[in-house]
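> Sharing a sequence plus its predicted fold:
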Amino acid sequence: MEQYFMRTVPESETAYEHDDEGLDDMPAHIKSSMLGTSLSLPISHGQLQLGTWQGIWLGEHRTRGGSRKIVVTIQGEPI
């Protein structure tokens, strides 16, 4: 995944106008918009319901991204 994004949205591109926080600033915004910023996952009987080849990826698009927080909200009927 990282190699794909580095080819598709290179950090050395000089065409980006938004680079106030470094060369990886605008590419990080583009990569984030391509992947999305939220995820809904099915849970049944207390177990995550993913297909055989499915998984969860967490990626940082900045060279020095700083600290991040993951927020989990579980909604639904009690089991």
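Right, received. Where do you want to start?

> wait, is residue 7 part of a helix?
Yes: the assignment for residue 7 (DSSP: H, G, I helix; E, B strand; the rest coil) places it in a helix.

> Which is the succeeding secondary structure element to the longest helix along the chain?
If you go by DSSP state H, the chain has its longest helix at helix 25-35. Next in sequence after helix 25-35, counting helices and strands by DSSP states H and E, comes strand 43-44.

> Walk me through which strands that following strand pairs with, and which way each runs.
According to DSSP bridges, strand 43-44 has the following sheet partners: strand 47-48 (antiparallel).

> Give the rounded mean pLDDT of the partner strand.
The pLDDT scores in strand 47-48 average 90.

> What would the longest helix of the chain look like as CSV? C-alpha coordinates only.
Extracted C-alpha coordinates of helix 25-35, given in CSV (Å, rounded to 0.1, in the frame of the first residue of the first chain):
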residue,chain,number,x,y,z
ASP,A,25,1.6,18.0,3.9
MET,A,26,-0.6,18.1,0.8
PRO,A,27,0.1,14.5,-0.2
ALA,A,28,-1.1,13.4,3.2
HIS,A,29,-4.4,15.3,2.7
ILE,A,30,-4.8,13.6,-0.7
LYS,A,31,-4.0,10.1,0.6
SER,A,32,-6.4,10.6,3.5
SER,A,33,-9.2,11.7,1.2
MET,A,34,-8.6,8.6,-1.0
LEU,A,35,-8.9,6.2,2.0
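
> Distance from the chain centre to the helix or strand of the chain with the lowest mean pLDDT, please.
Of the helices and strands making up the chain, the lowest-confidence element is strand 43-44, at a mean of 87, by mean pLDDT, DSSP states H and E. In terms of Cα atoms, centre = their mean, to the nearest Å, the centre of strand 43-44 is found 23 Å from the chain centre.

> Next up, the contacts around the residue nearest to the spatial centre of the chain.
The residue lying closest to the centre of the chain (Cα atoms, centre = their mean) is residue 59, at 4.9 Å. For residue 59, the contact set (Cβ atoms under 8 Å, 6 or more residues apart in numbering) comprises 1, 2, 31, 35. Heads up, the C-betas are built off the backbone N, CA and C, glycines and all.
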